[in-house]
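# When you get a sec, could you give me coordinates for this:
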Amino acid sequence: MIDFFSTITEHFSDPRKRVFLGYIFLSIIIALIWLLAKKKLSLKDALRYLFNKSILFSKSSRSDFKLFFFNRIFLMFVSPLLVTQLAIATVIYHFLQSISWLEFGMFVETPKLIIVGTFTTFIFVLDDFTKFIIHRWMHKWPILWSLHKVHHSATTLTPLTIYRTHPLEGVVFTIRGSFTQGISISTFVFCFGNNVDLYTVIGVNVFVFCFNVAGSNLRHSHIGIRYWRWLEYIIISPAQHQLHHSVAIRHYDKNFGATLAVWDWIFGSLNHSEDTEHLTLGVKEKDISEPHSLHTLYVKPIREIYTTIRSNFSHLFTYFKAKTDQH
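Coordinates of the predicted model:
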């Protein structure tokens, strides 16, 4: 029970977590400044708009809270069974040692400041790129979409919507994070030796910190802050991510980026921000019904995956049987 409550509270007390209370507070300040300066609202109207009860206490938001708690219980028991970053780092490290033309510590003379700066940049870029790739797959592959649909079933957005995921999607992204960090750790330890203790910087990334301080929580909110057009080629604005949650056909499969928009720009899925005040969020009724029930959010994705796999195996069996009969 103590471990469970520790798992819950750490998300709000740990600066490495998106919903750290300090980041939430800064997001509120940024939103208020935007509403006062850009929207020209009075302070009273801005506060009423920001703390909109119909959004904060909507059925969708209440489902976000439920999934946040239930997923923490699930991952608390499952996480110890998953492959760890240290295990991946060890395998990659030994693989690098087996390559004859590579030498352990070949860049050991590099100044520590450069090593730390390079490591921080490397892990940030690799982490953001792998998030983009996995997120893109989540939309393109039917089995993964069955899981990711849970996140997109939100009809209102709050900072806790980031945790509105099927637990199996949580497992996928946990493994992704382990691979990202494992690759980074092993590569830098091999190249730079013991010149720097990388474990002291693995949890502190200045780019992620700046991203969170700059209002990352507003991406899952009704505050549609837009950036300059040139900047939206580089960084995903809150409004751009809100378009990603839109049911409008023109917004399908757009803005997959977590922090950087440059991946969407390169792969042709970039959509610049628009007015988000009248967006309809969620997924269409033909895709999902009762989007906020726990049965729909937890059980239905498993059934869809089972149906998809069984259908594909059935088609393969029919195909090979027809080929056999021809011979």
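# per-residue pLDDT, residue 287?
On the pLDDT scale, residue 287 is placed at 59.
# which SSE is residue 9 in?
Residue 9 belongs to helix 2-13 when elements are defined using DSSP states H and E.
# so where is the protein shaky, pLDDT-wise?
Along the chain, the model assigns pLDDT under 70 to residues 1-4, 195-204, 285-289, 315-327.
# State which helix of it is the longest.
If you go by DSSP state H, the chain has its longest helix at helix 112-140.
# so after that one, what's the next helix or strand?
helix 142-152.
# Only alpha carbons, please: show that next one as CSV.
Extracted as CSV, the C-alpha positions of helix 142-152 are listed here (Å, rounded to 0.1, in the frame of the first residue of the first chain):
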residue,chain,number,x,y,z
PRO,A,142,-4.5,-1.9,-36.4
ILE,A,143,-3.4,-3.9,-33.4
LEU,A,144,-1.5,-0.9,-31.9
TRP,A,145,-4.4,1.4,-32.8
SER,A,146,-6.8,-0.8,-30.8
LEU,A,147,-4.6,0.2,-27.7
HIS,A,148,-3.9,3.8,-28.6
LYS,A,149,-7.6,4.5,-29.4
VAL,A,150,-8.0,4.6,-25.6
HIS,A,151,-6.0,7.7,-25.4
HIS,A,152,-7.8,9.3,-28.3
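# now the angle from it to helix 112-140?
Orientation check (axes from the mean of the first three to the mean of the last three Cα atoms, to 10 degrees): helix 142-152 against helix 112-140 gives 100 degrees.
# For burial, what's the neighbour tally of residue 21?
The local packing count at residue 21 equals 13, with neighbours defined by other Cβ atoms under 10 Å. Yep, even glycine has a C-beta here, placed from its N, CA and C like the rest.
# residues contacting it?
Applying Cβ atoms under 8 Å, 6 or more residues apart in numbering, we find residue 21 in contact with 12, 13.
# now it: how far from residue 10?
Residue 21 sits 11 Å away from residue 10, going by Cβ to Cβ, to the nearest Å.
# Over to residue 208?
In this structure, residue 208 and residue 10 are separated by 16 Å, where distance is defined by Cβ to Cβ.
# Which one's more surrounded, these two?
In this view residue 208 and residue 10 are compared by other Cβ under 10 Å, and residue 208 has more residues nearby, 21 against 13.
# who's in contact with the nearest residue to that one once chain neighbours are set aside?
The spatial neighbour of residue 208 that comes closest, neighbours along the chain excluded (Cβ to Cβ, 6 or more residues apart in numbering), is residue 124 at 6.6 Å. Listed by Cβ under 8 Å, 6+ apart, the contact set of residue 124 reads 205, 207, 208.
# Swap in 10 Å and give it another go.
For residue 124, the contacting residues are 180, 184, 205, 206, 207, 208, 211, 259, 260, taking Cβ atoms under 10 Å, 6 or more residues apart in numbering as the criterion.
# what do you get for residue 60?
Shown here is residue 60, whose contacts under the criterion Cβ under 10 Å, 6+ apart are 153, 154, 155, 156, 157, 158, 161, 164, 281, 282, 291, 292.
# among those residues, which two are most distant?
158 and 291 (15.2 Å; Cβ to Cβ).
# Kindly reformat the contacts of residue 60 as JSON lines containing distance to residue 224, secondary structure and neighbour count.
Rendered in JSON lines, the data for the contacts of residue 60 read as follows (distance: Cβ to Cβ, whole Å; DSSP: H, G, I helix; E, B strand; the rest coil; neighbours: other Cβ atoms under 10 Å):
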{"residue": "153", "distance to residue 224": "20", "secondary structure": "coil", "neighbour count": "23"}
{"residue": "154", "distance to residue 224": "16", "secondary structure": "coil", "neighbour count": "25"}
{"residue": "155", "distance to residue 224": "16", "secondary structure": "coil", "neighbour count": "19"}
{"residue": "156", "distance to residue 224": "13", "secondary structure": "coil", "neighbour count": "22"}
{"residue": "157", "distance to residue 224": "10", "secondary structure": "coil", "neighbour count": "27"}
{"residue": "158", "distance to residue 224": "14", "secondary structure": "coil", "neighbour count": "21"}
{"residue": "161", "distance to residue 224": "15", "secondary structure": "helix", "neighbour count": "24"}
{"residue": "164", "distance to residue 224": "19", "secondary structure": "coil", "neighbour count": "25"}
{"residue": "281", "distance to residue 224": "12", "secondary structure": "strand", "neighbour count": "21"}
{"residue": "282", "distance to residue 224": "17", "secondary structure": "coil", "neighbour count": "20"}
{"residue": "291", "distance to residue 224": "22", "secondary structure": "coil", "neighbour count": "21"}
{"residue": "292", "distance to residue 224": "23", "secondary structure": "coil", "neighbour count": "21"}
